[in-house]
Every structure is written in structure tokens, then in C-alpha cells.
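Student: mind looking at a prediction? Sequence and model below.
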Amino acid sequence: MESEIFIARINDTLDIAQKTSKPKFFGFLSLEEAALTQKTLENRNANFCLFGGYDGAQRVMLCCMPDWCENAEFPITALTFTYRTVDELRHRGFLGALMALGIVRESVGDILVESGRAVVFFKNEVLPFVKTNVCKIGSVGVTLTDGFTQPLPQGDSLVNVTVTVSSLRLDCVVSAVVNLSRGTANELIEAGLVLINSQVCEKSTRQINTGDVLTVRGKGKFIIGKTDGKTRKDRTILEFKKYF
């Protein structure tokens, strides 16, 4: 029932965009919601895009666009929270503090945390409230500034891994990075549980490239590194970083 209600809301967003001939936005989506959204709108041959404020975002906002529209400016702004490096803050601390203020999850995108700094993406409409009401996360004092500087906080620990694959097809790569059989990898892909750069991909033959961010629902997130090495048996050496 919940998925049916969610799909109805997505369809309503598209219908409004088509009726008004203006872009219509829907709040931040989880990976699962984004996958369901993409499948739903592709079945309707809709003109839409998903974006979370930066390339590779996990939580993304939906924009349904009329046929004439090629792109739209997403109402997303990042805020940087700075604090003493001796104060340890985590993702759940930021999320808990924001939810305690009554901010709904759909208004908050990715929360990227590192020592002394966090970058959080918001819907524009909640920015004044956040700036006025947030001066602490838990018991830790924070300073807020607009925007962010590169590089963004990684948000999670990354581990470097090297494997060999017979090819850079999506099914081969998924099989290798999550240590599953190729048949199981194909089942995950066909079920819409595999995303490349935040977009669902159901084509097992899709070629993976350096820099791609691969997400396998329930299995993890991976950043593809070098793909140009070869073994003596002509297998491809694949380097990637895995989030923990």
C-alpha cells in the first residue's frame, strides 16, 4: 500500500508538470524510492531528471518537466556546518537534530560528515528555518555557512579493493564487487536494484567506466577506479573503492 501511495504521488507530480507546462519538483528520495520513481516514469515515457545537489548523490530530488523543457534549476542548497575537530559528530547526530526540529526527511538530502566539517543538502524552502534554529548538533556548537568547498566530505570510510573481471559489462562488475554469482548479479540488475551514478540501470551489457559510482541496493556502494590493467590471461584488472 505504501508503494502504491508513493507511485500515485510521483504520477501526480508528472501530471501537474504536464498540465501547467512548468517543471514540478518532488522532495529528496532514498535510493529505493529513486529506483521506483525512475521505473514508474520511464514506463510513462516522461521527461524527468534526478539530482541531489552534486554528482553521485545518494539522496536525489525529482524534477518532472514538460516536453519543451531540457533542464531545470533544482531548488537545492548546501549548508556547511563547522565545529571543533575534537568534537565527534556523525550522520545520525545531524539527522536526529534536524528531525527533532520537525523538518521532514524529504527536505534533507545527503549528509556528508568529516572531522570538523559537515555538508548537508536541503530544499531551499527550509533554509531560513535551519539557519535560524540550528546552532548546536546535540551538545556540540556549530557554525553554518552557505555552500561548500571541494572536496566534499566522503561521509563514509572507503576501502581500496582490486579484483579481476572477464569484461567491464555491468553484470560482470556487479558480480565481482559484491562477490555474487553472475546469475544473481543479473537478477539484481533486472529487478532495478543496481544504480549507476544514482540512475537505475537494468541493462546487464552496460559498460562500466572509471569514475562511475555503482550502488547495489542492500549490498553497498562502490566508486570505480582504474579499469585499464590486464592480467596475463587477458582479464581486466578492476580497482574500486568500497564504502563501509
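Tutor: Looks like it came in fine.
Student: show me what the helix or strand of the chain with the lowest mean pLDDT is packed against.
Tutor: Of all helical and strand segments in the chain, the minimum by mean pLDDT, DSSP states H and E falls on strand 199-200, at a mean of 84. Applying 3 or more CB pairs under 8 Å, 6 or more residues apart in numbering; DSSP states H and E, we find strand 199-200 packed against helix 31-43. (C-beta placed from N, C-alpha, C; glycine too.)
Student: pLDDT averaged over the helix it packs on, what's the number?
Tutor: For helix 31-43, mean pLDDT is 86.
Student: ok, the residue nearest the centre of the chain to residue 115 distance?
Tutor: In the chain, the centroid-proximal residue (CA atoms, centre = their mean) is residue 58; its distance is 1.4 Å. In this structure, residue 58 and residue 115 are 21 Å apart, going by CB to CB, to the nearest Å.
Student: and the angle from the biggest helix by length in the chain to helix 31-43?
Tutor: Counting by DSSP state H, the longest helix found in the chain is helix 2-20. If you take axes from the mean of the first three to the mean of the last three CA atoms, to 10 degrees, helix 2-20 sits at 50 degrees to helix 31-43.
Student: show me the contact partners of helix 2-20.
Tutor: Contact with helix 2-20 is made by 23-26, 33, 36-37, 40-41, 44, 46, 48, 62, 64-66, as judged by CB atoms under 8 Å, 6 or more residues apart in numbering.
Student: repeat the analysis, applying 6 Å as the threshold.
Tutor: Applying CB atoms under 6 Å, 6 or more residues apart in numbering, the set of residues contacting helix 2-20 from outside is 24, 26, 37, 40, 46, 64, 66.
Student: and the helices in the protein?
Tutor: Per DSSP H, the chain carries helices over the ranges 2-20, 31-43, 91-100, 127-133, 170-177, 182-190.
Student: any idea how far the residue nearest to the centre of the chain is from residue 168?
Tutor: Distance of residue 58 to residue 168, given as CB to CB: 23 Å.
Student: buried residues, stretch 100-119. List them.
Tutor: 103, 106, 107, 108, 109, 110, 111, 112, 113, 117, 118, 119 (16 or more other CB atoms under 10 Å).
Student: where's residue 23 relative to residue 33, distance?
Tutor: Distance, residue 23 to residue 33, by CB to CB: 19 Å.
Student: to clarify, my last question referred to residue 4.
Tutor: Distance, residue 4 to residue 33, using CB to CB: 13 Å.
Student: with neighbour numbers in mind, choose between these two.
Tutor: Comparing residue 4 with residue 33 by other CB atoms under 10 Å, the one with more neighbours is residue 33, at 19 against 8.
Student: nearest residue to residue 26 other than its sequence neighbours?
Tutor: Distances taken as CB to CB, 6 or more residues apart in numbering place residue 62 nearest to residue 26, at 4.0 Å, with adjacent residues excluded.
Student: quick one: residues contacting the one you found.
Tutor: Going by CB under 6 Å, 6+ apart, residue 62 touches 26, 37, 50.
Student: which strand residues bridge residue 120?
Tutor: For residue 120, the beta-bridge assignment (DSSP bridges) gives partners residue 79, residue 111.
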